[in-house]
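**Student:** give me the fold of what follows.
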Amino acid sequence: MFSGAQKIVEAKSAFIEALNHRSWIVQISCMQEPRRSELEVLLSVFDQHNRSSNNHILNVHEEDFPEKYRPLIRRLKQAASVPEVKKQMTIEDEVLDYIKNCIRSGTYKAIKEYEKEMSQLIAQKEEEITKKEEEITKKDEEITKKDEEITKKDEEITKKDEEITKKDEELEKERKKNEAAAKEIEALRLKLQQAGQ
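**Tutor:** Down below sits the predicted model:
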């Protein structure tokens with residue numbers, strides 16, 4: 001980190017360490033009068049020393065800044081006067097107060113322990129679900145195997161049925177041949193009887 005005097009500050013900040021991109025952090029409250037550059041003049045619009053009693057509004061006067069920054073100051077003042085923005089700031093304050101109170105009262109620790117317990121419970125439930133899914137998969141495989149065996153049996157039965165049908169057809173042909181032969185024999189017998197008379 002660099003200080004305003006362009007010196008490296010050998011310090012670590014959890015916030016800065018958590019950033020996953022290169023950035024410049026400006027501590028406006030550390031900026032000194034007089035402002036040394038146009039950037040410092042622009043950033044001084046956000047100087048927290050100028051805040052009002054409710055901590056939401058900065059007492060910034062357009063005439064204290066160069067003409068080119070006045071549209072920005074007007075825009076910021078308009079945003080601060082919008083009821084939705086005011087409501088959002090109030091909600092943010094309430095959330096921050098709640099978090100601070102939780103940390104002070106030890107509730108924060110209880111919440112973290114609860115989250116840890118919930119994470120363990122979720123992991124346990126996920127393991128159970130995975131186990132159940134594996135059992136279902138195994139059952140599905142067994143059912144598939146049984147289905148394949150049934151299909152094979154059905155194919156064997158169909159083949160046997162086809163063989164029986166073929167045998168029946170062959171027997172029917174033989175029966176018809178025998179009937180034809182019996183008729184021929186009967187006809188010859190009749191001819192012999194007639195010839196013998």
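**Student:** lowest confidence element among the helices and strands of the chain?
**Tutor:** One helix or strand of the chain scores below all others by mean pLDDT, DSSP states H and E: helix 14-18, with a mean of 74.
**Student:** please save the CA atoms from it in PDB.
**Tutor:** What follows is helix 14-18, C-alpha atoms only, in PDB (Å, rounded to 0.1, in the frame of the first residue of the first chain):
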ATOM      1  CA  ALA A  14      -8.400  -8.400   5.300                       C
ATOM      2  CA  PHE A  15     -10.600  -6.300   3.000                       C
ATOM      3  CA  ILE A  16      -7.800  -5.500   0.600                       C
ATOM      4  CA  GLU A  17      -6.500  -9.100   0.700                       C
ATOM      5  CA  ALA A  18     -10.000 -10.400  -0.200                       C
END
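**Student:** tell me which helix or strand comes right after that helix.
**Tutor:** Downstream of helix 14-18, the next assigned helix or strand under DSSP states H and E is helix 38-43.
**Student:** buried residues, the helix or strand just after that next one. List them.
**Tutor:** On the C-terminal side of helix 38-43, the nearest following helix or strand under DSSP H and E is helix 70-81. When neighbours are counted by 16 or more other CB atoms under 10 Å, the buried residues of helix 70-81 are found to be residue 73. Glycine gets a C-beta too; all of them are placed from N, C-alpha and C.
**Student:** contacts for helix 70-81?
**Tutor:** 42, 45, 56, 57, 58, 60, 62, 65, 85, 86 (CB atoms under 8 Å, 6 or more residues apart in numbering).
**Student:** the spatially most central residue of the chain: what's it in contact with?
**Tutor:** Central residue of the chain (CA atoms, centre = their mean): residue 126, 14.8 Å from the mean position. Counting by CB under 8 Å, 6+ apart, residue 126 makes contact with nothing.
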